[in-house]
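**Q** Okay, predicted coordinates and the sequence, questions at the end:
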Amino acid sequence: MDKVKMVVAGARAVFLEHGFTAATTDMIQRAAGVSKSTVYAYYPTKEALFESVIEAECERALREVGEISPSQNNVREVLTGLARAYMNIFLSPGGLALFRVIVGEAPRFPQLARRFYLVGPQSMNKLVARYLDKACADGALDVSSVGLEAAASVFNNLVRSEAQIQGLTHPASLPSEAQQDQWIDLAVTTFLRAFGTK
């Protein structure tokens with residue numbers, strides 16, 4: 001592993017466990033197994049390092065979702081697959097920890113919170129919009145009443161709603177697979193009733 005990856009991995013561990021404010025460069029360099037001068041050589045500020053962690057986490061998450069290959073024509077199956085992949089990301093321990101840190105630091109570092117939104121939720125909306133666009137072209141969906149981007153946002157918010165709030169407020173008791181299936185089915189069914197054509 002190269003030193004940049006080591007620094008980012010160490011910073012990730014520290015930020016997600018302690019939050020941004022409590023994290024120190026000493027803690028990060030120890031977790032990364034590098035010198036303090038190495039940390040500063042790549043990241044002159046803690047904010048720059050935090051931004052790098054945010055981008056790495058969001059890009060990893062989006063890669064996972066992007067690997068979904070909706071070859072089937074059944075729009076319900078495609079939406080269910082997207083919802084499951086997304087839920088696996090935001091309910092993961094790292095996903096929940098990152099969200100807590102971002103929300104907690106947003107008033108002090110609004111630019112970092114904005115960056116998280118752009119590379120995380122907004123990128124997810126764009127990814128889902130591409131799938132919705134294909135489903136609309138195939139005649140399975142009609143989102144003309146709200147537009148493609150708004151429909152993608154509605155879908156992702158339906159998926160996150162109860163699942164994410166329960167994950168955030170019940171850290172010692174993550175929802176079961178059966179509960180997650182129920183939430184996914186509710187989100188997909190609600191979305192299809194609003195925009196499905198069949």
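**A** That came through, no problem.
**Q** Output stretch 136-155 in PDB with nothing but the alpha carbons.
**A** These are the backbone C-alpha positions of stretch 136-155, laid out as PDB (Å, rounded to 0.1, in the frame of the first residue of the first chain):
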ATOM      1  CA  CYS A 136     -38.800   5.600 -19.100                       C
ATOM      2  CA  ALA A 137     -37.400   5.000 -22.600                       C
ATOM      3  CA  ASP A 138     -38.700   1.400 -22.300                       C
ATOM      4  CA  GLY A 139     -42.100   2.700 -21.300                       C
ATOM      5  CA  ALA A 140     -42.000   1.100 -17.800                       C
ATOM      6  CA  LEU A 141     -42.000   4.500 -16.000                       C
ATOM      7  CA  ASP A 142     -43.300   8.000 -16.600                       C
ATOM      8  CA  VAL A 143     -41.600  10.600 -14.500                       C
ATOM      9  CA  SER A 144     -42.500  13.500 -16.700                       C
ATOM     10  CA  SER A 145     -44.600  15.100 -13.900                       C
ATOM     11  CA  VAL A 146     -41.500  15.800 -11.800                       C
ATOM     12  CA  GLY A 147     -38.500  15.200 -14.100                       C
ATOM     13  CA  LEU A 148     -35.800  12.600 -14.000                       C
ATOM     14  CA  GLU A 149     -33.500  14.100 -11.300                       C
ATOM     15  CA  ALA A 150     -36.400  14.800  -8.900                       C
ATOM     16  CA  ALA A 151     -37.700  11.200  -9.400                       C
ATOM     17  CA  ALA A 152     -34.300   9.800  -8.700                       C
ATOM     18  CA  SER A 153     -34.100  11.900  -5.500                       C
ATOM     19  CA  VAL A 154     -37.600  10.800  -4.500                       C
ATOM     20  CA  PHE A 155     -36.600   7.100  -4.900                       C
END
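**Q** Provide a list of residue ranges in the chain with pLDDT below threshold.
**A** For the chain, the stretches with pLDDT under 70 are 1, 68-72.
**Q** Outline the domain layout of it.
**A** Domain ranges of the chain: 1-44, 61-195, per automatic domain parsing.
**Q** mind putting those in a markdown table, distance to Ser52 and mean neighbour count included?
**A** No exception for glycine: its C-beta is placed from N, CA and C like everyone else's. Formatted as a markdown table, the domains of the chain follow (distance: least, CB to CB, whole Å; neighbours: other CB atoms under 10 Å):
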| stretch | distance to Ser52 | mean neighbour count |
| --- | --- | --- |
| domain 1-44 | 6 | 17 |
| domain 61-195 | 10 | 17 |
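**Q** All set now, cheers.
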